[in-house]
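> Sequence isn't available, so here's the structure alone:
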């Protein structure tokens, strides 16, 4: 059960980071073409964070199904 709780906390932190990056990306897009040079890095970080979040959610789902 401890592993599931730890994973839930990681997911919560990743979700917060993903939402923050999503908002930053949205704000940057609204201001284009200003700060255009920041777009690739911010988009990469956003993509990676959401990808990691998706993987962690799948891991949690898998762990929960094993407990049943």
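Right, received. Where do you want to start? Everything numeric here is computed off the predicted structure, so don't read it as measured data.

> contacts and neighbour counts: CA atoms only from here.
OK.

> how many neighbours does residue 7 have?
17 (other C-alpha atoms under 10 Å).

> hang on, isn't it packed against residue 56?
Yes: counting by C-alpha atoms under 8 Å, residue 56 is a contact partner of residue 7 at 7.2 Å.

> all helices in the protein, in order from the N-terminus.
Per DSSP state H, the chain carries helices over the ranges 2-30, 39-67.

> For these, could you give me a markdown table that also reports mean pLDDT?
A markdown table is the format used below for the helices of the chain (pLDDT from 0 to 100):
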| stretch | mean pLDDT |
| --- | --- |
| helix 2-30 | 97 |
| helix 39-67 | 96 |
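
> Next, residue 31: phi, psi?
In terms of degrees, to the nearest 10, the main-chain angles of residue 31 are phi -90, psi 0.

> Check residue 35 too.
Residue torsions, per degrees, to the nearest 10, at residue 35 are phi 60, psi 30.

> neighbours around it, how many?
Using other C-alpha under 10 Å, residue 35 is surrounded by 10 other residues.

> pLDDT score for it?
Note on residue 35: pLDDT of 96.

> Equivalent analysis for residue 68, please.
67.

> now do residue 1
pLDDT, residue 1: 77.

> quick one: it and residue 7, what's the gap?
10 Å (C-alpha to C-alpha, to the nearest Å).

> Please apply the same query to residue 17.
15 Å.

> same thing with residue 46?
20 Å.

> same question, residue 37
Residue 37 is 35 Å from residue 7, by C-alpha to C-alpha.

> Alright, that wraps it up for me.
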